[in-house]
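S.K.: Provided below for reference: sequence and predicted model.
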Number of protein chains: 2
Amino acid sequence: MVHADASNFAPGVTKEDAYEQVLLQAEGLFYEQRNWVCNLSNAAALLWHAYKSLPSPSNAVNWAGFYTFDTLSTPAQPQLILGPFQGKVACQTITFGRGVCGAAAATGKTQLVPDVDAFPGHIACDGDSRSEVVVPIVVGGKVVAIVDVDCAVKDGFDDVDRVWLEKLAELIGNSCDWPQ
Amino acid sequence: MVHADASNFAPGVTKEDAYEQVLLQAEGLFYEQRNWVCNLSNAAALLWHAYKSLPSPSNAVNWAGFYTFDTLSTPAQPQLILGPFQGKVACQTITFGRGVCGAAAATGKTQLVPDVDAFPGHIACDGDSRSEVVVPIVVGGKVVAIVDVDCAVKDGFDDVDRVWLEKLAELIGNSCDWPQ
């Protein structure tokens, strides 16, 4: 199988099945490969094509990717820095605590936001985004990265997304050597 | 302007104008930001959305992104490793000299390939790819990365692509701190 086929999803696939394929394919792609840039780049491609194969609202996803802990930031002001993604150009850095991504990084907890315009301090990297889910990737008690998915309609994500993205975050956390 | 707007191209834009916008936006995004993962991720987004705004064959681009020099590879067998991209899941590593990307890395020269099936040792990461252009990013005489763009039709690229991608490669090379 050529690599691209990992991102082909069957027509009519359910959201659970699509996420299951993402996880299985990610596990295969990460086998004997712990480079975090390489693995996050392929994981973003898997997620993006999974969403595009699903019915509404999932197919309205307009950004799927990662921010990682910026090792050049200071303990007094820790920040995230943009990692691999699919979608339009994005904000380069996000201070811990700022917006949805910053909240996930600061608390270590998933943020499921049905309406980003109602979220205090939301950062509008893309004015098209209406809902968002952000899952922290925690290794050894430290947030090393976050998974960030935006949707162009409200209520784009539910507990199915949360559960599977948390499984993916755990797999990614354990499968990569993270920058120190 | 929100960041995503950098990847919005005017309808009817010419290829030269689209590449010029890519370069101008890249220059702005790289200002005071030398993180290579961050900058390559946004550069891949700029390129992808530029191609999608253009007429055929450019809008048939099916992969746009980067491989970087794998600092874990040995001098006896140097290799590239997958970096940020937009498109479907891709091969993780490519030995210098293998396929179109490997040829660009080994020679330090742009590879403009009108028909990948006629290229000796072509690596089919994605069976849909029919033509390809690969431009090395050279810093201090060393290939630190390559820009790789695939198209789902033959003859997807010409000298306009070559000239502008070489300008982009030079800008990117000078704008990032590369892994040692």
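M.R.: That came through fine. Residues are numbered from 1 along each chain as shown, chains lettered A, B, ... in the order given.
S.K.: Show me where chain A has its strands.
M.R.: Using DSSP state E, the strands assigned to chain A run over residues A:61-69, A:79-87, A:93-95, A:111-113, A:131-139, A:142-151.
S.K.: Low-confidence stretches in chain A?
M.R.: A:1 (pLDDT under 70).
S.K.: Now do the same contact list for the closest residue to A:Trp164 other than its chain neighbours.
M.R.: Leaving aside its chain neighbours, A:Trp164 sits nearest to A:Tyr19 (3.6 Å; criterion: C-beta to C-beta, 6 or more residues apart in numbering or on different chains). C-beta coordinates here come from the backbone N, C-alpha and C atoms, glycine included. Taking C-beta atoms under 8 Å, 6 or more residues apart in numbering or on different chains, we find A:Tyr19 in contact with A:Ala50, A:Val160, A:Asp161, A:Trp164, A:Leu165, A:Lys167, A:Leu168.
S.K.: among the residues you listed, who's most crowded?
M.R.: Highest neighbour count within the contacts of A:Tyr19, by other C-beta atoms under 10 Å in any protein chain shown: A:Ala50, with 24 neighbours.
S.K.: and chain A, which of its residues are near chain B?
M.R.: A:2-8, A:25, A:29, A:33, A:35, A:37-38, A:41-42, A:45-46, A:49, A:65, A:68, A:70, A:72, A:81-93, A:124-128 (C-beta under 8 Å from any C-beta of the partner chain).
S.K.: So what sits opposite the residue nearest to the spatial centre of chain A in the bridge?
M.R.: Centroid-nearest residue in chain A: A:Val147, 2.4 Å away (criterion: C-alpha atoms, centre = their mean). Note on A:Val147: beta-bridge partners by DSSP bridges are A:Phe66, A:Val135.
S.K.: you'd agree it is up against A:Val135?
M.R.: Yes. Using C-beta atoms under 8 Å, A:Val147 is in contact with A:Val135, at 4.6 Å.
S.K.: from the chain's centre, how far out does stretch A:64-79 sit?
M.R.: Remark: stretch A:64-79 is offset 15 Å from the chain centroid, using C-alpha atoms, centre = their mean, to the nearest Å.
S.K.: Test my guess that A:Gly83 contacts A:Ala64.
M.R.: No. Assessed by C-beta under 8 Å, A:Gly83 is found out of contact with A:Ala64, at 11.6 Å.
S.K.: Could you report the distance from A:Ala50 to chain B?
M.R.: For A:Ala50, the distance to chain B (C-beta to the nearest C-beta, to the nearest Å) stands at 11 Å.
S.K.: Now that residue. Nearest residue, chain neighbours left out?
M.R.: Leaving out its chain neighbours, the residue that sits closest to A:Ala50 by C-beta to C-beta, 6+ apart is A:Ala18, at 4.3 Å.
S.K.: Wait, that neighbour touches A:Ser53, no?
M.R.: Yes. Using C-beta under 8 Å, A:Ala18 makes contact with A:Ser53 at a distance of 6.2 Å.
S.K.: Next, show the common contact partners of these two.
M.R.: What both A:Ala18 and A:Ser53 touch, as defined by C-beta under 8 Å, 6+ apart, is the set A:Phe9.
S.K.: any idea how far A:Ser56 is from A:Lys154?
M.R.: According to C-beta to C-beta, to the nearest Å, A:Ser56 and A:Lys154 sit 12 Å apart.
S.K.: Tell me which of those two has more neighbours.
M.R.: Shown here are A:Ser56 and A:Lys154; by other C-beta under 10 Å, A:Lys154 has more neighbours (15 against 9).
S.K.: Pretty sure that one sits against A:Val113.
M.R.: No. In this structure, A:Lys154 is not within contact of A:Val113 by C-beta under 8 Å, at 9.7 Å.
S.K.: Quick check: neighbours shared by these two?
M.R.: A:Ser131.
S.K.: Surely A:Ile123 is in contact with A:Thr93?
M.R.: No. Counting by C-beta under 8 Å, A:Ile123 does not reach A:Thr93; the two are 10.4 Å apart.
S.K.: who's more crowded, the two?
M.R.: A:Ile123 (19 against 16).
S.K.: For the more buried one, give me its contacts.
M.R.: Applying C-beta under 8 Å, 6+ apart, the residues contacting A:Ile123 are A:Cys91, A:Ile94, A:Arg98, A:Gly99, A:Val100, A:Cys101, A:Gly102.
S.K.: Out of those residues, flag the one nearest to chain B.
M.R.: Ranked by distance to chain B (C-beta to the nearest C-beta), the contacts of A:Ile123 are led by A:Cys91 at 5.2 Å.
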